[in-house]
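# Sharing a model prediction with you, sequence too.
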Amino acid sequence: MDDVRICIVGAGNLSTAKIYPNIATAGALLAGVCDLDGAKAESNARRFGGTPYTDMETMLDAEKPDGVIICIGPEAHAELAPVVMRKGIPVYTEKPPARTAAAALEVARVSKQTGMLCTTAFKKRYRNAYCRAKEWIGQFDPADLYAISIDYASAQYTNDSPLSFFLLDFCIHAIDLIGYLFGDTEQVFAFAKGPDAYAVSLRFANGAVGSMCLNDGRSFMVPTEEVEISARGGNAMTIQNSSCWRIAQAGEPTEWRQPPTFTSAGDSGNETGHLAELTDFVAAIRQGRPTRSNIYESYKSMVLYEAIKQSAETGRVADVRYEAV
């Protein structure tokens, strides 16, 4: 395959800052830019390359790209991704993959039916720190994993639309991460203070336990992201703001990583995961393989999100069940 030709749907602030600038570095060529606001599409096409469009299907028919990136909103992700896959084109959507777990499952079923890759931009799966954590956890038998905790906080959310729901828009990153690191969840219990703060307890299928403290009373300028992992035999890993980590093996300190700059909210494509996930998507297109953030994994994260929401609303333990595609 020559250059992997990518079309992007959406020319808003997020995609313009984090996706368009990384396309070439990820190994692809920008072929088309689509946005309902023609001026935005023209602006990004002028700055980053490609032909501007205001209709996605017109763009796909004209450009015949090797892959499509959709960065609009959760409802549009679930609506447009199947259209792309049914045209025989792999697709990448921003998170979350849909408004509901049921909608995400339907997208996963289209992916299976068509044989087309559908990946979700859960960037934490690609951050250097969590790549190292996944590798480190992999040395243990699942029965020896004891506990994981995540403290994750943001600035205030308005909580008045799907794009501004704290639990869905922001916390979905931590929800996806905890499942990525420790596997499927069986049960969840959550306390909540309105839509702004959650204390969550989890039991995993491997027998381990976990917790998440989530709130939107802090700041986007001072990120709060603390992860603690424990395994049998004095084995522990601490991750701070997704860029610094410490590891102890058999009760002895063995590894300490402190980057020279504070990057968890910065522009390092591998520290933040923005570049790394695009690079994996482009490589997956070339190699005809899945990514580590495929749509079925994203569906499972949505199931966990809904279980947390259900438990917080009912005051009861919620069982977590996943359907097959």
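All right, it came through fine. Owing to the predicted nature of the structure, the values given are computational and were not obtained by experimental measurement. Numbers count the residues shown, from 1 in each chain.
# Can you list the residue ranges for helices in the chain?
For the chain, applying DSSP state H gives helices covering 13-18, 38-48, 56-63, 74-86, 101-114, 128-137, 172-182, 274-287, 295-314.
# Going by mean pLDDT, which of those comes out lowest?
Mean pLDDT across the helices of the chain is lowest at helix 13-18; the value there is a mean of 90.
# Please compute how far that one lies from its chain's middle.
Shown here is helix 13-18, whose average C-alpha point lies 15 Å from the average C-alpha point of the whole chain (CA atoms, centre = their mean, to the nearest Å).
# What of stretch 276-284?
Relative to its chain's centre, stretch 276-284 lies at 13 Å (CA atoms, centre = their mean).
# Stretch 241-251 too?
Centroid separation for stretch 241-251 versus its chain: 22 Å, with CA atoms, centre = their mean.
# burial count for residue 219?
Close neighbours of residue 219, defined as other CB atoms under 10 Å, add up to 13. No exception for glycine: its C-beta is placed from N, CA and C like everyone else's.
# Can you tell me the closest non-neighbouring residue to it?
Leaving aside its chain neighbours, residue 219 sits nearest to residue 155 (5.2 Å; criterion: CB to CB, 6 or more residues apart in numbering).
# same question, residue 321
What sits nearest to residue 321 in space, not counting adjacent residues and going by CB to CB, 6+ apart, is residue 303, at 7.3 Å.
# Contacts only, for the one you found.
Going by CB atoms under 8 Å, 6 or more residues apart in numbering, residue 303 touches 101, 320-322.
# Among these, filter down to the buried ones and hand me the ChimeraX syntax, if you would.
To isolate the buried members of the contacts of residue 303 in ChimeraX, using 16 or more other CB atoms under 10 Å:
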select :101,320
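# Just put the contacts of residue 303 in JSON lines and tack on distance to residue 68.
Below are those laid out as JSON lines (distance: CB to CB, whole Å):
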{"residue": "101", "distance to residue 68": "23"}
{"residue": "320", "distance to residue 68": "31"}
{"residue": "321", "distance to residue 68": "31"}
{"residue": "322", "distance to residue 68": "27"}
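# of the contacts of residue 303, closest to residue 50?
Closest approach to residue 50 among those (CB to CB): residue 101, at 33.6 Å.
# ok, the closest one touching residue 305?
Yes - counting by CB atoms under 8 Å, residue 101 sits close enough to residue 305 to count as a contact (7.4 Å).
# Who are the contact partners of the residue nearest to residue 219?
When contacts are counted by CB under 8 Å, 6+ apart, residue 155 touches 216, 218-221.
# Pull out the buried members of these.
Members of the contacts of residue 155 that pass the buried threshold by neighbour count (16+ other CB under 10 Å) are listed as residue 216.
# can you tell me which of the contacts of residue 155 lies nearest to residue 146?
Distance from residue 146 was checked for each of the contacts of residue 155 by CB to CB. The minimum falls on residue 218, at 28.0 Å.
# Need phi/psi at that closest one.
Backbone geometry at residue 218, expressed as degrees, to the nearest 10, gives phi -110, psi -130.
# For it, which residues are in contact?
Taking CB under 8 Å, 6+ apart as the contact definition, residue 218 lies against 153-155, 224.
# For those, work out which two are farthest apart.
For those, the farthest-apart pair by CB to CB is 155 and 224; their separation is 10.3 Å.
# middle-most residue in the chain, spatially?
The chain has residue 122 as the residue nearest its centroid, 1.2 Å off, counting by CA atoms, centre = their mean.
# what ranges do the strands span in the stretch 101-250 of the chain?
Taking DSSP state E, counting those that start in this stretch as the criterion, the stretch 101-250 of the chain contains strands spanning 118-121, 145-153, 185-193, 197-204, 209-215, 224-231, 235-240, 244-249.
# Which residues does stretch 244-262 contact?
By CB under 8 Å, 6+ apart, the surrounding residues in contact with stretch 244-262 are 129, 132-133, 136, 233-239, 241, 243, 271.
# Farthest pair within those residues?
Largest pairwise distance in these, by CB to CB, is 30.0 Å, between 233 and 271.
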